[in-house]
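Student: The sequence and its predicted three-dimensional model are supplied below.
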Amino acid sequence: MQKKVRKGVDMLKRFSWKKNDIHSIQLKEDLYIIAQLLENPYVAFFNITSESNNFNEKPFDLNNLKPFGVCMVLKGFFKTSSMGKVAKNISPNLKVPIPELFISSDRAQWGNRSDYSDNQLIYNLVKIDPKIGDQGIMGNEIIHYNIDRNDSNILNDYEFVGFNTGYQLLRRLIISIDNNKWIDPLKEQQLIGEDKYPLKTVEEMWQAGVPKFGVEAKNENQQREQGTKINYLINMYNDPFYPEFLVDKVKECVLQVVRFIEKGEHEVDKIQSKLDEMTMAINGLVGEFEQNNSEIETVARDSIANTVESILQYFKIGIDVEDALRERDW
(Lines give C-alpha, C1' and ligand atoms only; values in the text may rest on other atoms or scores of the structure.)
Protein backbone atom coordinates (compact mmCIF):
# COMPACT_ATOMS: atom_id res chain seq x y z
CA MET A 1 0.00 0.00 0.00
CA GLN A 2 1.33 3.41 -0.93
CA LYS A 3 2.20 5.62 2.01
CA LYS A 4 0.30 8.85 2.43
CA VAL A 5 2.11 12.09 1.62
CA ARG A 6 3.07 13.97 4.74
CA LYS A 7 2.24 17.68 4.77
CA GLY A 8 3.88 18.00 8.17
CA VAL A 9 6.80 15.61 8.43
CA ASP A 10 6.66 12.97 11.14
CA MET A 11 10.10 11.89 12.26
CA LEU A 12 11.15 8.28 11.81
CA LYS A 13 10.81 6.48 15.11
CA ARG A 14 14.11 4.74 14.48
CA PHE A 15 17.01 5.33 12.17
CA SER A 16 20.29 3.46 12.13
CA TRP A 17 23.02 4.09 9.59
CA LYS A 18 23.62 0.93 7.59
CA LYS A 19 25.90 1.11 4.59
CA ASN A 20 24.15 0.57 1.24
CA ASP A 21 20.65 1.00 2.65
CA ILE A 22 18.51 2.91 0.17
CA HIS A 23 15.98 5.50 1.34
CA SER A 24 13.16 7.37 -0.31
CA ILE A 25 13.52 11.08 0.48
CA GLN A 26 10.52 13.38 0.24
CA LEU A 27 11.43 16.75 -1.26
CA LYS A 28 7.93 18.02 -2.04
CA GLU A 29 4.39 16.75 -1.74
CA ASP A 30 4.81 15.18 -5.19
CA LEU A 31 8.56 14.72 -5.48
CA TYR A 32 10.74 11.94 -4.04
CA ILE A 33 14.36 10.99 -4.69
CA ILE A 34 16.61 7.99 -4.02
CA ALA A 35 19.44 8.23 -1.47
CA GLN A 36 22.01 5.51 -0.77
CA LEU A 37 23.90 5.46 2.52
CA LEU A 38 27.66 5.02 2.14
CA GLU A 39 30.25 5.09 4.92
CA ASN A 40 28.85 7.34 7.64
CA PRO A 41 28.37 10.33 7.06
CA TYR A 42 28.47 10.09 3.25
CA VAL A 43 25.36 9.74 1.12
CA ALA A 44 24.98 9.24 -2.63
CA PHE A 45 21.93 10.84 -4.22
CA PHE A 46 20.66 9.50 -7.55
CA ASN A 47 18.65 11.45 -10.09
CA ILE A 48 15.79 8.99 -9.87
CA THR A 49 12.55 10.67 -8.92
CA SER A 50 8.95 9.72 -8.36
CA GLU A 51 5.72 11.65 -7.84
CA SER A 52 4.82 9.26 -5.03
CA ASN A 53 6.65 7.27 -2.40
CA ASN A 54 6.66 4.19 -4.57
CA PHE A 55 9.88 3.11 -6.21
CA ASN A 56 8.81 -0.53 -6.25
CA GLU A 57 7.09 -0.66 -9.62
CA LYS A 58 10.18 -1.94 -11.43
CA PRO A 59 13.68 -3.06 -10.37
CA PHE A 60 16.64 -0.70 -10.48
CA ASP A 61 20.31 -1.58 -10.42
CA LEU A 62 22.14 1.51 -9.21
CA ASN A 63 25.44 -0.05 -10.30
CA ASN A 64 24.47 1.03 -13.81
CA LEU A 65 24.03 4.64 -12.75
CA LYS A 66 26.42 7.36 -11.66
CA PRO A 67 25.34 9.19 -8.51
CA PHE A 68 23.93 12.66 -8.97
CA GLY A 69 26.19 13.76 -6.13
CA VAL A 70 27.87 12.59 -2.93
CA CYS A 71 28.08 14.67 0.24
CA MET A 72 28.21 14.49 4.04
CA VAL A 73 24.76 14.34 5.63
CA LEU A 74 23.63 14.44 9.25
CA LYS A 75 21.60 11.51 10.56
CA GLY A 76 18.88 13.90 11.65
CA PHE A 77 18.06 14.61 8.01
CA PHE A 78 16.81 11.07 7.54
CA LYS A 79 14.68 11.26 10.66
CA THR A 80 12.76 14.20 9.20
CA SER A 81 12.86 13.61 5.44
CA SER A 82 13.12 9.87 4.83
CA MET A 83 9.95 7.95 4.05
CA GLY A 84 11.83 4.80 5.03
CA LYS A 85 13.97 2.22 3.33
CA VAL A 86 13.12 1.22 -0.22
CA ALA A 87 12.33 -2.44 -0.85
CA LYS A 88 14.99 -4.78 -2.10
CA ASN A 89 14.06 -4.41 -5.77
CA ILE A 90 16.64 -1.60 -5.98
CA SER A 91 20.23 -2.81 -5.89
CA PRO A 92 22.80 -0.43 -4.35
CA ASN A 93 25.79 0.87 -6.27
CA LEU A 94 28.75 -0.90 -4.65
CA LYS A 95 31.40 1.17 -6.41
CA VAL A 96 30.57 4.72 -5.36
CA PRO A 97 33.86 6.48 -4.51
CA ILE A 98 34.03 8.46 -1.28
CA PRO A 99 35.34 11.99 -1.95
CA GLU A 100 38.63 12.87 -0.24
CA LEU A 101 39.19 16.48 -1.30
CA PHE A 102 37.04 19.30 0.06
CA ILE A 103 36.88 23.08 0.08
CA SER A 104 37.58 24.58 3.50
CA SER A 105 37.90 28.01 5.08
CA ASP A 106 41.44 29.07 5.91
CA ARG A 107 42.60 28.22 9.43
CA ALA A 108 44.51 31.51 9.79
CA GLN A 109 41.24 33.42 9.40
CA TRP A 110 39.42 31.09 11.75
CA GLY A 111 37.31 32.77 14.41
CA ASN A 112 37.68 36.28 12.98
CA ARG A 113 36.23 35.91 9.48
CA SER A 114 33.93 38.86 10.11
CA ASP A 115 37.05 41.08 10.09
CA TYR A 116 37.53 40.35 6.38
CA SER A 117 35.53 41.39 3.36
CA ASP A 118 34.17 38.60 1.15
CA ASN A 119 36.92 39.03 -1.44
CA GLN A 120 39.60 38.81 1.27
CA LEU A 121 38.45 35.43 2.54
CA ILE A 122 40.74 32.52 1.69
CA TYR A 123 39.54 29.01 0.86
CA ASN A 124 41.76 25.97 0.61
CA LEU A 125 41.47 22.50 -0.83
CA VAL A 126 41.95 19.99 1.99
CA LYS A 127 42.18 16.22 2.21
CA ILE A 128 39.95 14.10 4.45
CA ASP A 129 40.76 10.40 4.75
CA PRO A 130 37.38 8.56 4.78
CA LYS A 131 38.84 6.01 7.22
CA ILE A 132 39.81 8.74 9.71
CA GLY A 133 37.13 11.33 9.09
CA ASP A 134 37.05 15.10 9.27
CA GLN A 135 39.80 16.37 11.59
CA GLY A 136 38.50 19.91 11.68
CA ILE A 137 39.83 23.10 10.16
CA MET A 138 43.05 22.89 12.17
CA GLY A 139 43.68 19.20 11.47
CA ASN A 140 42.81 18.55 7.82
CA GLU A 141 45.78 18.52 5.45
CA ILE A 142 45.91 21.47 3.04
CA ILE A 143 46.46 20.25 -0.52
CA HIS A 144 46.00 23.57 -2.33
CA TYR A 145 46.26 26.89 -0.51
CA ASN A 146 44.08 29.80 -1.61
CA ILE A 147 42.08 28.24 -4.44
CA ASP A 148 40.88 30.30 -7.39
CA ARG A 149 37.23 30.88 -6.53
CA ASN A 150 36.39 31.56 -10.17
CA ASP A 151 37.76 28.21 -11.34
CA SER A 152 34.68 26.34 -12.59
CA ASN A 153 36.40 22.98 -12.10
CA ILE A 154 36.87 23.66 -8.39
CA LEU A 155 33.34 24.98 -8.10
CA ASN A 156 31.86 21.90 -9.77
CA ASP A 157 34.15 19.12 -8.53
CA TYR A 158 34.50 19.65 -4.79
CA GLU A 159 32.17 19.83 -1.83
CA PHE A 160 32.50 22.18 1.10
CA VAL A 161 33.68 20.56 4.32
CA GLY A 162 30.78 19.96 6.67
CA PHE A 163 27.35 18.40 6.87
CA ASN A 164 24.34 18.94 4.66
CA THR A 165 20.95 18.71 6.33
CA GLY A 166 17.53 20.25 6.85
CA TYR A 167 15.99 22.76 4.48
CA GLN A 168 19.41 23.64 3.11
CA LEU A 169 19.81 20.11 1.72
CA LEU A 170 16.19 19.84 0.55
CA ARG A 171 16.60 23.08 -1.38
CA ARG A 172 19.86 21.86 -2.86
CA LEU A 173 18.31 18.60 -4.05
CA ILE A 174 15.27 20.32 -5.57
CA ILE A 175 17.42 22.85 -7.43
CA SER A 176 19.76 20.10 -8.65
CA ILE A 177 16.85 18.09 -10.03
CA ASP A 178 15.31 21.13 -11.69
CA ASN A 179 18.63 21.97 -13.38
CA ASN A 180 19.68 18.36 -14.03
CA LYS A 181 23.02 19.19 -12.44
CA TRP A 182 24.53 18.74 -8.96
CA ILE A 183 24.36 22.23 -7.45
CA ASP A 184 25.22 23.76 -4.09
CA PRO A 185 23.75 27.28 -3.83
CA LEU A 186 25.53 27.90 -0.53
CA LYS A 187 28.90 27.07 -2.09
CA GLU A 188 28.27 29.41 -5.00
CA GLN A 189 27.19 32.16 -2.62
CA GLN A 190 30.38 31.83 -0.59
CA LEU A 191 32.85 31.41 -3.45
CA ILE A 192 31.49 33.69 -6.14
CA GLY A 193 29.05 35.81 -4.13
CA GLU A 194 25.98 34.75 -6.08
CA ASP A 195 22.92 32.65 -5.32
CA LYS A 196 20.83 32.82 -8.48
CA TYR A 197 18.39 30.09 -7.52
CA PRO A 198 14.80 30.19 -6.21
CA LEU A 199 13.43 28.98 -2.87
CA LYS A 200 15.65 31.24 -0.80
CA THR A 201 13.26 31.31 2.15
CA VAL A 202 11.48 28.51 3.95
CA GLU A 203 8.17 30.25 3.19
CA GLU A 204 8.91 29.95 -0.53
CA MET A 205 9.82 26.31 -0.03
CA TRP A 206 6.56 25.60 1.80
CA GLN A 207 4.60 27.31 -0.97
CA ALA A 208 6.41 25.09 -3.49
CA GLY A 209 5.25 21.99 -1.62
CA VAL A 210 8.21 21.25 0.63
CA PRO A 211 6.88 19.57 3.79
CA LYS A 212 7.07 21.36 7.11
CA PHE A 213 9.01 19.64 9.82
CA GLY A 214 6.91 18.40 12.71
CA VAL A 215 7.66 21.22 15.13
CA GLU A 216 6.68 23.84 12.57
CA ALA A 217 3.41 22.11 11.69
CA LYS A 218 2.66 21.81 15.39
CA ASN A 219 3.55 25.46 15.93
CA GLU A 220 1.11 26.52 13.21
CA ASN A 221 -1.73 24.81 15.06
CA GLN A 222 -0.65 26.42 18.32
CA GLN A 223 -0.67 29.85 16.68
CA ARG A 224 -4.22 29.33 15.45
CA GLU A 225 -5.28 28.33 18.93
CA GLN A 226 -3.34 30.92 20.91
CA GLY A 227 -3.34 33.92 18.57
CA THR A 228 -0.40 36.15 17.72
CA LYS A 229 2.80 35.68 19.68
CA ILE A 230 6.54 35.88 19.20
CA ASN A 231 8.09 32.62 18.07
CA TYR A 232 11.85 32.66 18.51
CA LEU A 233 14.03 31.17 15.77
CA ILE A 234 11.64 28.29 15.08
CA ASN A 235 13.32 27.28 11.82
CA MET A 236 16.77 27.21 13.40
CA TYR A 237 15.63 25.21 16.42
CA ASN A 238 13.87 22.77 14.12
CA ASP A 239 16.84 22.22 11.81
CA PRO A 240 19.65 19.95 13.08
CA PHE A 241 22.15 21.89 10.94
CA TYR A 242 22.20 24.47 13.76
CA PRO A 243 23.48 23.23 17.16
CA GLU A 244 20.83 24.02 19.76
CA PHE A 245 23.28 25.55 22.23
CA LEU A 246 24.33 28.08 19.57
CA VAL A 247 20.73 28.88 18.65
CA ASP A 248 20.21 29.53 22.37
CA LYS A 249 23.01 32.10 22.20
CA VAL A 250 21.38 33.83 19.24
CA LYS A 251 18.06 33.83 21.08
CA GLU A 252 19.66 35.44 24.13
CA CYS A 253 20.98 38.24 21.91
CA VAL A 254 17.45 38.80 20.61
CA LEU A 255 15.91 38.61 24.08
CA GLN A 256 18.07 41.49 25.25
CA VAL A 257 16.24 43.71 22.77
CA VAL A 258 12.86 42.40 23.93
CA ARG A 259 13.71 43.08 27.57
CA PHE A 260 14.82 46.59 26.63
CA ILE A 261 11.49 47.31 24.90
CA GLU A 262 9.48 45.71 27.71
CA LYS A 263 10.97 48.21 30.14
CA GLY A 264 8.90 50.85 28.34
CA GLU A 265 11.43 52.10 25.81
CA HIS A 266 9.74 52.85 22.48
CA GLU A 267 12.00 55.54 20.99
CA VAL A 268 12.98 54.29 17.56
CA ASP A 269 16.58 55.56 17.68
CA LYS A 270 17.26 53.88 21.02
CA ILE A 271 15.68 50.63 19.88
CA GLN A 272 17.68 50.75 16.64
CA SER A 273 20.85 51.20 18.69
CA LYS A 274 19.91 48.15 20.75
CA LEU A 275 19.20 46.19 17.56
CA ASP A 276 22.64 47.15 16.28
CA GLU A 277 24.18 45.77 19.49
CA MET A 278 22.16 42.57 19.03
CA THR A 279 23.27 42.16 15.42
CA MET A 280 26.94 42.73 16.21
CA ALA A 281 26.70 40.19 19.03
CA ILE A 282 25.30 37.64 16.55
CA ASN A 283 28.13 38.56 14.15
CA GLY A 284 30.49 37.48 16.91
CA LEU A 285 28.95 33.99 16.92
CA VAL A 286 29.80 33.27 13.26
CA GLY A 287 33.09 31.58 14.18
CA GLU A 288 31.42 29.32 16.75
CA PHE A 289 28.88 28.14 14.17
CA GLU A 290 31.70 27.32 11.73
CA GLN A 291 33.63 25.46 14.43
CA ASN A 292 30.58 23.24 14.85
CA ASN A 293 30.14 22.47 11.14
CA SER A 294 27.31 24.97 10.84
CA GLU A 295 26.83 28.43 9.44
CA ILE A 296 24.54 31.41 9.62
CA GLU A 297 23.27 31.07 6.06
CA THR A 298 19.96 31.33 4.21
CA VAL A 299 17.63 29.53 6.62
CA ALA A 300 19.32 31.07 9.67
CA ARG A 301 19.21 34.58 8.18
CA ASP A 302 15.52 34.18 7.42
CA SER A 303 14.81 32.74 10.86
CA ILE A 304 16.55 35.63 12.63
CA ALA A 305 14.89 38.19 10.36
CA ASN A 306 11.44 36.65 10.84
CA THR A 307 11.91 36.65 14.61
CA VAL A 308 13.02 40.28 14.65
CA GLU A 309 10.18 41.27 12.34
CA SER A 310 7.63 39.56 14.60
CA ILE A 311 9.06 41.45 17.60
CA LEU A 312 8.77 44.78 15.79
CA GLN A 313 5.20 44.01 14.79
CA TYR A 314 4.27 42.74 18.26
CA PHE A 315 5.47 45.92 19.94
CA LYS A 316 4.33 48.12 16.99
CA ILE A 317 7.83 49.50 16.41
CA GLY A 318 8.20 51.46 13.15
CA ILE A 319 11.52 50.00 12.02
CA ASP A 320 11.94 48.03 8.80
CA VAL A 321 13.57 44.64 9.35
CA GLU A 322 16.35 45.43 6.85
CA ASP A 323 17.23 48.53 8.88
CA ALA A 324 16.93 46.57 12.11
CA LEU A 325 19.65 44.16 10.91
CA ARG A 326 21.78 46.73 9.09
CA GLU A 327 24.96 45.71 10.96
CA ARG A 328 24.81 42.04 10.00
CA ASP A 329 27.85 40.26 8.53
CA TRP A 330 25.88 37.14 7.55
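Tutor: Right, received. Where do you want to start? Numbers count the residues shown, from 1 in each chain.
Student: rest of the way, CA atoms for contacts and neighbours
Tutor: Will do.
Student: List the buried residues of the longest helix that the chain contains.
Tutor: Longest helix in the chain, counting residues (DSSP state H): helix 244-262. By 16 or more other Cα atoms under 10 Å, the buried positions in helix 244-262 come out as 246-247, 250-251, 253-254, 257-258, 261.
Student: again with stretch 140-157
Tutor: Neighbour-count burial for stretch 140-157 flags 140-142, 146-147, 149, 155 (criterion: 16+ other Cα under 10 Å).
Student: Pipe those residues into JSON lines and attach distance to Gly318 per row.
Tutor: As requested, the buried residues of stretch 140-157 are exported to JSON lines (distance: Cα to Cα, whole Å):
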{"residue": "Asn140", "distance to Gly318": "48"}
{"residue": "Glu141", "distance to Gly318": "51"}
{"residue": "Ile142", "distance to Gly318": "49"}
{"residue": "Asn146", "distance to Gly318": "44"}
{"residue": "Ile147", "distance to Gly318": "45"}
{"residue": "Arg149", "distance to Gly318": "41"}
{"residue": "Leu155", "distance to Gly318": "42"}
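Student: between these, which is nearest Lys274?
Tutor: Minimum distance to Lys274 across those is 36.6 Å, recorded for Arg149 (Cα to Cα).
Student: tell me the contacts of that closest one?
Tutor: Going by Cα atoms under 8 Å, 6 or more residues apart in numbering, Arg149 touches 123, 155, 191-192.
Student: burial of Asn283, as a residue count?
Tutor: By other Cα atoms under 10 Å, 19 other residues sit near Asn283.
Student: measure it to Val250 for me?
Tutor: Here Asn283 is placed at a distance of 10 Å from Val250 (Cα to Cα, to the nearest Å).
Student: What strand or helix carries Leu125?
Tutor: Using DSSP states H and E, Leu125 sits in strand 123-127.
Student: does Val43 count as helix, strand or coil?
Tutor: Recorded secondary structure, Val43: strand (DSSP: H, G, I helix; E, B strand; the rest coil).
Student: separation between the closest residue to it other than its chain neighbours and Ser310?
Tutor: What sits nearest to Val43 in space, not counting adjacent residues and going by Cα to Cα, 6 or more residues apart in numbering, is Leu37, at 4.7 Å. Note on Leu37: its distance to Ser310, by Cα to Cα, is 40 Å.
Student: what about the nearest residue to Ile261 once chain neighbours are set aside, which helix or strand?
Tutor: Nearest residue to Ile261 in three dimensions, chain neighbours excluded: Ile271, at 7.3 Å (Cα to Cα, 6+ apart). Here Ile271 sits within helix 268-283, counting by DSSP H and E.
Student: and of the buried residues of helix 244-262, the nearest to Asp239?
Tutor: Taking Cα to Cα as the measure, Asp239 lies nearest Val247 of those, at 10.3 Å.
Student: now the strands for the stretch 51-200 of the chain?
Tutor: Using DSSP state E, counting those that start in this stretch, the strands of the stretch 51-200 of the chain run over 60-61, 69-72, 82-85, 90-91, 101-105, 123-127, 141-144, 159-160.
Student: okay if I get these as CSV plus distance to Val202 and mean pLDDT?
Tutor: Converted to CSV, those look like this (distance: least, Cα to Cα, whole Å; pLDDT from 0 to 100):
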stretch, distance to Val202, mean pLDDT
strand 60-61, 33, 90
strand 69-72, 22, 96
strand 82-85, 19, 92
strand 90-91, 32, 93
strand 101-105, 26, 94
strand 123-127, 28, 96
strand 141-144, 35, 97
strand 159-160, 22, 94
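Student: I'd like the distance from the strand holding Leu125 to the chain centre, please.
Tutor: 21 Å (Cα atoms, centre = their mean, to the nearest Å).
Student: circling back: outside of the helix holding Ile271, which residues touch it?
Tutor: Residues outside helix 268-283 that contact it (Cα under 8 Å, 6+ apart): 114, 250, 253-254, 256-257, 260-261, 265, 317-319, 324-330.
Student: hang on, the earlier thing: to Ile33, which of the strands of the stretch 51-200 of the chain lies closest?
Tutor: Per Cα to Cα, nearest to Ile33 of those: strand 82-85, 9.7 Å.
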